[in-house]
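Student: Pasted the sequence and its predicted model underneath.
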Amino acid sequence: MDCWSSQPVRLAPFRNLSMKVLLVLAMLAPVATQAADPPSKSWSGTWNNKKYKTTGPLTCTVTSSKGGNWQATFSGTGLGNPFSYPATLKAMEKGGRIYLAGSTKVDGEAYRWSGYIQGQVLAGSYKSATGNNGTFSLKSK
């Protein structure tokens with residue numbers, strides 16, 4: 001039959017093929033997975049506290065991994081006083097970013113925070129039960 005024929009074209013084989021292609025594409029879509037072991041790495045930059053309108057320098061150093069969680073130390077200066085505290089980070093990788101979340105205590109006060117690593121940037125936000133909240137933006141050293 002030539003291409004000028006008025007006979008209907010059978011699409012059934014293509015319908016099955018398109019379903020298979022969609023299934024393969026769905027399986028290739030980015031999925032959140034547990035991030036690999038953390039790099040022994042440091043990031044430096046600044047933090048701010050929106051409640052008190054304060055800011056200061058901040059460094060985060062990731063040193064090890066225990067049971068799928070990353071161990072880190074945040075250190076910096078707040079209101080002219082130095083601080084340093086440990087934090088355990090849950091890390092999930094998705095779409096070229098490593099998403100982080102954790103909780104810790106600073107001067108007896110519980111904080112929750114979340115953020116991400118992409119390229120050289122570590123950025124995030126934090127909040128405490130008493131209203132301390134803000135953001136941080138750091139770049140790798």
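Tutor: Ah, there it is.

Student: hey, let's count contacts and neighbours off CA atoms from now on
Tutor: OK.

Student: Report the rounded mean pLDDT for stretch 129-139.
Tutor: Mean per-residue pLDDT for stretch 129-139: 95.

Student: OK, contacts around the residue sitting nearest the centre point of the chain?
Tutor: Nearest to the geometric centre of the chain sits residue 99, at 1.6 Å (Cα atoms, centre = their mean). Counting by Cα atoms under 8 Å, 6 or more residues apart in numbering, residue 99 touches 91, 92, 93, 114, 115, 116, 117.

Student: can you check residue 60 too?
Tutor: So residue 60 contacts 42, 43, 44, 72, 73, 74, 75 (Cα under 8 Å, 6+ apart).

Student: of these, buried ones?
Tutor: 42, 43, 44, 72, 74, 75 (16 or more other Cα atoms under 10 Å).

Student: circling back to that earlier point, compare the contacts of residue 99 and tell me which is most surrounded.
Tutor: Neighbour tally across the contacts of residue 99 (other Cα atoms under 10 Å): the maximum, 26 neighbours, falls on residue 91.

Student: Quick check: closest non-adjacent residue to that one.
Tutor: residue 100 (4.7 Å; Cα to Cα, 6 or more residues apart in numbering).

Student: who's in contact with that neighbour?
Tutor: 89, 90, 91, 92, 114, 115, 116, 117.

Student: Next, format these as JSON lines and append distance to residue 58 and secondary structure.
Tutor: Output for the contacts of residue 100, formatted as JSON lines (distance: Cα to Cα, whole Å; DSSP: H, G, I helix; E, B strand; the rest coil):
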{"residue": "89", "distance to residue 58": "17", "secondary structure": "strand"}
{"residue": "90", "distance to residue 58": "20", "secondary structure": "strand"}
{"residue": "91", "distance to residue 58": "20", "secondary structure": "strand"}
{"residue": "92", "distance to residue 58": "23", "secondary structure": "strand"}
{"residue": "114", "distance to residue 58": "16", "secondary structure": "strand"}
{"residue": "115", "distance to residue 58": "14", "secondary structure": "strand"}
{"residue": "116", "distance to residue 58": "16", "secondary structure": "strand"}
{"residue": "117", "distance to residue 58": "15", "secondary structure": "strand"}
